[in-house]
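Trainee: what shape does this take:
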Amino acid sequence: MKRGAADLLLAFDFGLRRIGVATANRRTGTATPLTTLEAGREPLWEQIDTVIEQWQPGQLVVGLPDPATAKTIAAAAIAFAAELEERYGLPVARTDESLTSRAAQSELIIARRNRLMPKRIRKGTLDSHAACLIAEQWLREQ
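Mentor: Residues are numbered from 1 along each chain as shown. From the prediction side, this is the model:
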């Protein structure tokens, strides 16, 4: 695949059942939830190929859980990041995502209380919002 726009990045909140995806812009420092990919519906790499092709990012970011508390998922997330790098030839940053799912859930609950969201928060919505927080965290660290 060709190299993407230097300002655009895609962030991934890796999970064994779902992977949340968000876009972010380095120039503006903003991130937006994009989608949640469901493992098992179609080959996962085909879904990721589509997202990469559509957005043409210049950077990928993968949230990694703390291996001390989530050894299996951390190992799978590290392998996922390595596979992204190999498949797409893009730089793949890895960043701690230990609290992003909880923070995303808190933000969505507040939005729901303020009637900015429907009553029920779907897991896919939570995953893409967690990916958004991963992107924002990585941008702040740069």
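Trainee: how about the strands in this protein?
Mentor: Here the chain has its strands, by DSSP state E, at 5-13, 18-25, 30-38, 57-64, 92-96.
Trainee: what segments of the chain are helices?
Mentor: Under the criterion DSSP state H, helices of the chain are mapped to 44-55, 71-88, 100-113, 123-141.
Trainee: so which elements touch the first one?
Mentor: Yep, that's helix 44-55 we're talking about. strand 5-13, strand 18-25, strand 30-38, helix 71-88 (3 or more CB pairs under 8 Å, 6 or more residues apart in numbering; DSSP states H and E). Placement of C-beta: from N, CA and C, glycine included.
Trainee: could you rerun that using 10 Å?
Mentor: Contact partners of helix 44-55 among helices and strands, from 3 or more CB pairs under 10 Å, 6 or more residues apart in numbering; DSSP states H and E: strand 5-13, strand 18-25, strand 30-38, strand 57-64, helix 71-88.
Trainee: in CSV, list the helices of the chain along with mean pLDDT and mean neighbour count.
Mentor: Shown next, in CSV, are these (pLDDT from 0 to 100; neighbours: other CB atoms under 10 Å):
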stretch, mean pLDDT, mean neighbour count
helix 44-55, 94, 15
helix 71-88, 92, 16
helix 100-113, 53, 16
helix 123-141, 84, 22
